[in-house]
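Chemist: Test case, fold it:
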Amino acid sequence: MDYDAWHRARLAELAAPEGWLNLTDRVDVGQGAWTVGRDAGNDLVLTAGPAHLGTLAVGEAITLTRNGAVLPFVAQGGNPMLRVADLLLEVMTVDGQRALRVRDLGKAVTPPEIPRYPVNPAWRITARWVPLATPQAVRIDMVNGATVTLAQTHRAEFTHDGQAIALTVAHRKAEGPMFVFRDRTAGETYGAGRFLYGTENGDGTITLDFNTAFNPPCAFSEHAICPLPPRENILPFRIEAGEKLPLG
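Modeler: Numbers count the residues shown, from 1 in each chain. Presented below is the predicted three-dimensional model:
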């Protein structure tokens, strides 16, 4: 694997229109209609965009009425989104609570410098991908105090220095099962934990390449909501691989 190319792609993803560097707001919303904009007289006050953006209607469908036109939010691989007035609006739901998340598409962003540990082939691990006899409901805590419950169907099991490790999946995305873990490098790595995608090999194993362990969105924006590592993913040893704390 070309880890430098992976790192360049990571930086480009952070600075992309749907990345994490141009987030300006996250405000909770309930069902109903809400005026939105930068003016203090709006129901939902933003820090970016026009003074009066329009009226957000949240129900089974989500729309923004602006200058007489009703603009629908459309799911794009996940949450409903709408591009309007040089903003990207997104309605997300965590623990039953909806929130409007706003990205400023006109904001100039520069990816931060993200130091990494030297690539270590020993931290590219082929783990057992063990199916559970029955799916288990696992609660994942979020940084804002919310919780989400996920159905676990597998665990990633491996041994390190004689210790048996069984990692719980925190999310499933197109990139693969996502693990949130914390190890003894916390402090020189992001303190709450790091993310890692596993690659299912189709033979009862999963590849965990800790050289591609990366910082969560919360390392870059206060408007992101990130999962915390479940107890079994808090590891009692150092993993000197992957991303360290972003600089600046």
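Chemist: from here on, contacts and neighbour counts on C-alpha atoms
Modeler: OK.
Chemist: What residues does the residue lying farthest from the centre of the chain make contact with?
Modeler: Distance to the chain centre peaks in the chain at residue 68, reaching 34.5 Å (criterion: C-alpha atoms, centre = their mean). With contact set as C-alpha atoms under 8 Å, 6 or more residues apart in numbering, residue 68 has no partners.
Chemist: Now do the phi/psi pair for it.
Modeler: Dihedral angles of residue 68 (phi, psi; degrees, to the nearest 10) stand at phi 90, psi -10.
Chemist: Go through this protein and flag its longest strand.
Modeler: strand 124-141 (DSSP state E).
Chemist: So which elements touch the helix-or-strand element of the chain with minimal mean pLDDT?
Modeler: Lowest by mean pLDDT, DSSP states H and E among the helices and strands of the chain is strand 169-173, with a mean of 84. Where contact means 3 or more C-alpha pairs under 8 Å, 6 or more residues apart in numbering; DSSP states H and E, strand 169-173 is packed against strand 147-160, strand 176-181.
Chemist: now what about that strand, what contacts it?
Modeler: 140, 150, 152, 154-155, 177-180, 227, 229.
Chemist: List the buried residues of that strand.
Modeler: Residues of strand 169-173 classed as buried: 169-171 (neighbour count, 16 or more other C-alpha atoms under 10 Å).
Chemist: Same list, those, but as TSV with distance to residue 20 please.
Modeler: Shown next, in TSV, are the buried residues of strand 169-173 (distance: C-alpha to C-alpha, whole Å):
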residue	distance to residue 20
169	22
170	20
171	18
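Chemist: Can you tell me which of the residues you listed lies closest to residue 18?
Modeler: Proximity of the buried residues of strand 169-173 to residue 18 (C-alpha to C-alpha) peaks at residue 171, which lies at 18.9 Å.
Chemist: what pairs with the closest one across the strands?
Modeler: On the basis of DSSP bridges, residue 171 is bridged to residue 178.
Chemist: Pull the number of nearby residues for residue 167.
Modeler: Using other C-alpha atoms under 10 Å, residue 167 has 22 neighbouring residues.
Chemist: Which residues are in contact with it?
Modeler: 155-157, 179, 232-233 are the contacts of residue 167 under C-alpha under 8 Å, 6+ apart.
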